[in-house]
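Visitor: Quick check, what structure comes out for this input:
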Amino acid sequence: MRLKLIFAAALLLCACSDIRAESPTAIAPAQTRSIEDLNYLGGEAAMPLFTDNMVDIHSRFRQGMFRKGLAFRVNGGPQYTQNLLDAPVAADQQVYVGQRAYEAVWVQPILSWDMRQLNLHRAQLYSGAVWNWVTWNPAGPKALQLWALYFYKEFGRDRVELKTGYIAHNMNFVGLFVGGSTATGTQGVYAVLPYEAGMSFFPLPTPALDLKVNGPRHTYYKGALQRSMDPKGGPTEVSRNHTGFRFAPHGDKLVTINEVGYSRVASAHVHEAWFRAGYIGNASKYTNAVTGEMEKGNHCAYVLMDGQLVQTNGVHPEQGLYGGVSYMTVPEKKNAYARYYEARLYQNAPFRSRPTDVAAVVASHTEYSPVFTDNLVAQGKTVWRASTTVTGSYSLHAAPGNYISLGLGYLYGPAITPHVDNALTFTATWNFFF
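Guide: This is a model prediction of the structure:
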């Protein structure tokens, strides 16, 4: 009930903020609006512009909807991953992605509205569904459900941003996408620790209220109140909430996310820089692996930094060589994956003739919880105590709205249990934007 009251109050505040007497000349004319106002807003990862799309921005379809303040798009694509060092194992023996041929397909239809008919400015109603299918459910999960349904509003010349509704927070906090784009940043490794602590992620949204305050000198604060994901993970979340609309399943309590950062975009005179640090706290009960009791107190702390090392094009200052590091930690008694370290090096426009391609090398080290691994050893099972990976990838912008990513990753300690051989996985991904 408390969550419902918070979200209802936020919607009422936003709706009332623009209900005021205005002269006809004070209302922004429709021609000053941009179709990009209907793109994904308020996130730490961005979707490609509507100009980078399989449907031309000047088509009758796009322009006809835009005149009504609407935009419809479909994102999707397949992925394939396979270990190149060993023969595939039986289906009931698989413990990591690629140990058997892994295939995934996702499709996201999205409808957004700039709410001009309600005389709301710098606002957006964003909705989307998702079909996510995988051959190995622990890496998915499989889902056909709501992906997004929220209201977004900016205040005070973009000083304050508010978003409330059903939200998947992996695009809004932490900054896990290499290069900051959903088109090119999904290749390589990623950290699961924020998800262990209950942060929502694709394709599973939860009710949430987000607030971002853009401060002076490129600083910002960002916070969220979110209903927790199921403590047992994504497959359990789907089994208890098939449509994604269920507001508060029993046992899923409040998650608070707080993040502070410094974000400076590249220009002809300065290099891009982005620092962020945050804390995720969860009031839900998790199993304590030492006592076997259910208790509160799960959390995740993180620090990440990315910076432009070399600027290769003065006309397009975002092009160049970037470097980044990450550190994350969660309680060992409540989570199987305890600490995560990452170092990355990536190049925007690796070739002058390929200005929108991205090449990346990402190295990570994950420490598994000694509490969990000691319990497994006591049961007579073999374990890895940690995992180290190195992944190289190249994302090719093949055509408008089409990205093909190829990656090769070496995994030393690919799963907690059993103590399986190291792996060399090949991954191919096609992302399309219609």
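Visitor: List the contacts of stretch 174-181.
Guide: Applying Cβ atoms under 8 Å, 6 or more residues apart in numbering, the external contacts of stretch 174-181 come out as 44-48, 170-171, 184-188, 190-191, 194, 199, 259, 274, 276, 278, 302, 304, 306, 322, 324, 344, 346, 348, 358, 360, 362. In short, each C-beta sits where N, CA and C put it, glycine included.
Visitor: Could I get the full set of strands for the stretch 251-400 of the chain?
Guide: In the stretch 251-400 of the chain, the strands defined using DSSP state E, counting those that start in this stretch lie at 254-264, 273-282, 286-287, 294-295, 298-311, 320-329, 337-348, 358-368, 386-399.
Visitor: Which one of the ones you listed lies nearest to Ala91?
Guide: strand 386-399 (22.4 Å; Cβ to Cβ).
Visitor: quick one: the closest one to strand 337-348, angle?
Guide: 30 degrees (axes from the mean of the first three to the mean of the last three Cα atoms, to 10 degrees).
Visitor: So which of the strands of the stretch 251-400 of the chain is nearest Val89?
Guide: For the strands of the stretch 251-400 of the chain, distance to Val89 was read as Cβ to Cβ. The smallest value, 17.9 Å, belongs to strand 386-399.
Visitor: And the next helix or strand past the helix or strand of the chain with the lowest mean pLDDT?
Guide: For the chain, the helix or strand with the lowest mean confidence is helix 2-17, at a mean of 49 (criterion: mean pLDDT, DSSP states H and E). For helix 2-17, the succeeding helix or strand toward the C-terminus, using DSSP states H and E, is helix 60-66.
Visitor: Report the rounded mean pLDDT for that following helix.
Guide: Model confidence over helix 60-66, given as mean pLDDT, is 95.
Visitor: For stretch 242-253, buried residues please.
Guide: Neighbour counts over stretch 242-253 (16 or more other Cβ atoms under 10 Å) mark 244, 246, 248, 252 as buried.
Visitor: could I get the residues you listed as TSV with pLDDT, secondary structure and distance to Asn282?
Guide: TSV is the format used below for those (pLDDT from 0 to 100; DSSP: H, G, I helix; E, B strand; the rest coil; distance: Cβ to Cβ, whole Å):
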residue	pLDDT	secondary structure	distance to Asn282
Gly244	91	coil	20
Arg246	91	coil	18
Ala248	88	coil	14
Asp252	93	coil	9
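Visitor: nearest to Leu38, of those?
Guide: Here the nearest of those to Leu38, counting by Cβ to Cβ, is Gly244; it sits at 22.2 Å.
Visitor: quick one, what contacts the closest one?
Guide: Gly244 makes contact with 143, 145-147, 166, 204-205, according to Cβ under 8 Å, 6+ apart.
Visitor: rerun at 10 Å
Guide: If a contact means Cβ atoms under 10 Å, 6 or more residues apart in numbering, then Gly244 has 129-130, 143-149, 166, 168, 203-206, 237-238 as its contacts.
Visitor: just for the stretch 101-250 of the chain, where's the confidence low?
Guide: Of all residues in the stretch 101-250 of the chain, those with pLDDT under 70 make up the ranges 186-189.
Visitor: Which parts of it are helices?
Guide: Using DSSP state H, counting those that start in this stretch, the helices of the stretch 101-250 of the chain run over 193-196, 234-240.
Visitor: Figure out which of those is closest to Arg159.
Guide: Taking Cβ to Cβ as the measure, the helices of the stretch 101-250 of the chain were each checked against Arg159, and helix 193-196 came out nearest at 26.6 Å.
Visitor: list the helices and strands the closest one packs on?
Guide: Using 3 or more Cβ pairs under 10 Å, 6 or more residues apart in numbering; DSSP states H and E as the contact criterion, the neighbours of helix 193-196 among helices and strands are strand 273-282, strand 298-311, strand 320-329, strand 337-348.
Visitor: how about that helix: buried residues?
Guide: Counting neighbours by 16+ other Cβ under 10 Å, the buried set in helix 193-196 is 193-196.
Visitor: same question, stretch 63-80
Guide: Buried residues in stretch 63-80, counting neighbours by 16+ other Cβ under 10 Å, are found at 65-66, 69-71, 73, 75-77, 79.
Visitor: same thing with stretch 409-422?
Guide: Buried residues in stretch 409-422 (16+ other Cβ under 10 Å): 409-411, 413-417, 420, 422.
Visitor: now, which of those residues lie within strands?
Guide: The subset of the buried residues of stretch 409-422 located in strands under the criterion DSSP state E comprises 409-411.
Visitor: TSV please, covering those residues and showing pLDDT and distance to Gly233.
Guide: Formatted as TSV, these follow (pLDDT from 0 to 100; distance: Cβ to Cβ, whole Å):
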residue	pLDDT	distance to Gly233
Gly409	95	23
Tyr410	97	26
Leu411	96	21
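Visitor: follow-up on the earlier one: ok, which of the strands of the stretch 251-400 of the chain comes nearest Asp37?
Guide: Proximity of the strands of the stretch 251-400 of the chain to Asp37 was assessed by Cβ to Cβ; the nearest stretch is strand 254-264, lying at 20.4 Å.
Visitor: what comes up buried for the closest one?
Guide: Using 16+ other Cβ under 10 Å as the burial criterion, the residues of strand 254-264 that qualify are 254-255, 257, 259-261, 263-264.
Visitor: and that strand, which strands flank it?
Guide: Taking DSSP bridges as the criterion, strand 254-264 forms sheet pairs with strand 219-227 (antiparallel), strand 273-282 (antiparallel).
Visitor: about what we covered before: and of the helices of the stretch 101-250 of the chain, who's closest to Asn298?
Guide: Shortest distance between Asn298 and these, using Cβ to Cβ, is found for helix 193-196: 7.6 Å.
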